[in-house]
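Enquirer: pasting the structure only:
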DNA sequence: GTGCAACTTTACACACACTGCAATTTTGCA
DNA sequence: TGCAAAATTGCAGTGTGTGTAAAGTTGCAC
């Protein structure tokens, strides 16, 4: 087998097995939580469903909640990220913030299918939404650094608040997308959110 | 003893003892966490410090983290809240949102001193910030309902997003206040946040 | 394919958070 | 003083999450 046929990453067996197991654990968690509710499902039950030892579960996820959300350490290294940091794609801050959020939401780290199920469950379990928010908050530092790179030293506003805004836009867009039953494009929703927000603030 | 002398709440002994114990628990938690870090402090240790049984601790707080943050079920029934819902104080949505946030931040449910210490600790322990965020998220529904009451049926934007914005403003103001070392008025900080945000969005 | 080094899974033991329950003590009030 | 409501407490139990060391897999060189 060739190392890299066309553009496939050509991951080794080890890496592929790891991903498969990770997804199997997420799927098992989704099945059980959808049926019985978050609190009624134990990690032990999930592991039985997935045919894995309980200790292994915690090699993949820090907590039960993380398994539902499929939270993975987020590298934040996509092409869109780089483009934003260097002033693209349009050079207009707001438009580029929108593009960044849209790019992230369109290319989730675990597939749309699983992401949709995760959000469906999160909508019913406040704790999960909170955990998701916390996860995003963890990355605020990275986002702020990104914004700082773009704006440079003489920024008109603090990179902190731009980073926080980025996070807020992502979250609000998520919520709107979910409220719409998971239909529509990310672009469409984020545009609507920005419009609303702007009109509230300039009212 | 008269029921209500002048304007004092005239709480019974029972209620006063309860508050004192609650504050004693918060203070004990702050002391220990400041010294040893959140994870190194057990509930048992906190209770020993406060001279209370471990079971009692959980009669006061849902979790260890809540004791640090002093989270109390938030009634959301202040005069400012009522005024906002009925269209006041200025009739201008944005200005009134600011007034509401400011009123909340100026009259914290546990005293500025303790609030400041709680935030100092939260800044060093990401988990606490996350929990705080989660707590705010829990109240988003109440806020949305409040906004709905004010805007009525023919609202120009969804009460959901106004509620989320309210939460975001509160959080961002908190952060800015903390970044300033806890100095300055709530009004001052929220105004700055709104100005930044507006300029980002209309850029 | 043999063998070795690196990585993964697993079992076991353990600390700790948190809950339900029933007994006990404290408080408010007549 | 006595009684009812409320608060505190001990205790037993469930479940999450971690450290550790042994056992099993995989990648790779020879």
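Expert: Arrived safely, thanks for sending. Owing to the predicted nature of the structure, the values given are computational and were not obtained by experimental measurement.

Enquirer: Could you name the helices and strands sitting against the helix or strand encompassing residue A:17?
Expert: Using DSSP states H and E, residue A:17 sits in helix A:13-36. Helix A:13-36 is packed against helix A:43-50, helix A:54-60, helix A:64-69, helix A:112-124, with contacts defined by 3 or more Cβ pairs under 8 Å, 6 or more residues apart in numbering or on different chains; DSSP states H and E. All C-beta spots, glycine's among them, are computed from the backbone N, C-alpha and C.

Enquirer: can I get those in a markdown table with mean pLDDT and distance to residue A:158?
Expert: Shown next, in a markdown table, are these (pLDDT from 0 to 100; distance: least, Cβ to Cβ, whole Å):
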| stretch | mean pLDDT | distance to residue A:158 |
| --- | --- | --- |
| helix A:43-50 | 96 | 41 |
| helix A:54-60 | 96 | 37 |
| helix A:64-69 | 94 | 29 |
| helix A:112-124 | 84 | 30 |
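
Enquirer: Please identify the most buried of these.
Expert: For the helices and strands packed on helix A:13-36, the largest average neighbour count (mean count of other Cβ atoms under 10 Å in any protein chain shown) is found in helix A:64-69, namely a mean of 22.

Enquirer: Mind listing what's buried along the next helix or strand after that one?
Expert: With elements assigned by DSSP H and E, the helix or strand that comes after helix A:64-69 is helix A:79-85. For helix A:79-85, burial by neighbour count (16 or more other Cβ atoms under 10 Å in any protein chain shown) applies to A:80, A:81, A:83, A:84, A:85.

Enquirer: Reformat the residues you listed into TSV and put pLDDT and distance to chain B next to each item.
Expert: Converted to TSV, the buried residues of helix A:79-85 look like this (pLDDT from 0 to 100; distance: Cβ to the nearest Cβ, whole Å):
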residue	pLDDT	distance to chain B
A:80	80	19
A:81	84	19
A:83	86	18
A:84	84	14
A:85	85	17
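
Enquirer: what's the closest of the residues you listed to residue B:53?
Expert: residue A:81 (51.4 Å; Cβ to Cβ).

Enquirer: I'd say that closest one and residue A:147 touch.
Expert: No - in this structure, residue A:81 is not within contact of residue A:147 by Cβ atoms under 8 Å, at 11.1 Å.

Enquirer: Enumerate the residues of chain A near DNA strand C.
Expert: Contact residues (Cβ under 7 Å from any atom of the strand) of chain A with DNA strand C: A:14, A:17, A:18, A:21, A:51, A:52, A:53, A:55, A:56, A:59, A:60.

Enquirer: Out of the residues you listed, which are close to DNA strand D?
Expert: Restricting those to those near DNA strand D - Cβ under 7 Å from any atom of the strand - leaves A:14, A:17, A:55.

Enquirer: Looking at those residues, spot the one nearest DNA strand C.
Expert: Nearest to DNA strand C out of those is residue A:55 (Cβ to the nearest atom of the strand; 3.8 Å).

Enquirer: So, low pLDDT: which residues of chain A?
Expert: A:1-13, A:74-77, A:108-109, A:154, A:203 (pLDDT under 70).

Enquirer: who in it is up against chain B?
Expert: Residues of chain A found near chain B (Cβ under 8 Å from any Cβ of the partner chain) are A:92-94, A:97, A:126-127, A:129-131, A:133-134, A:137-138, A:156-158, A:160-162, A:164-165, A:168, A:171-172, A:175-176, A:179, A:193-194, A:196-203.

Enquirer: Compute the distance between residue A:156 and residue A:121, please.
Expert: Residue A:156 sits 40 Å away from residue A:121, going by Cβ to Cβ, to the nearest Å.

Enquirer: er, residue A:26 actually
Expert: 11 Å.

Enquirer: One more: residue A:137?
Expert: In terms of Cβ to Cβ, residue A:137 sits 20 Å off from residue A:121.

Enquirer: pretty sure residue A:198 is touching residue B:201, no?
Expert: Yes - look at residue A:198 against residue B:201 with Cβ under 8 Å: they come within range, at 4.7 Å.

Enquirer: Perfect, I'm done here.
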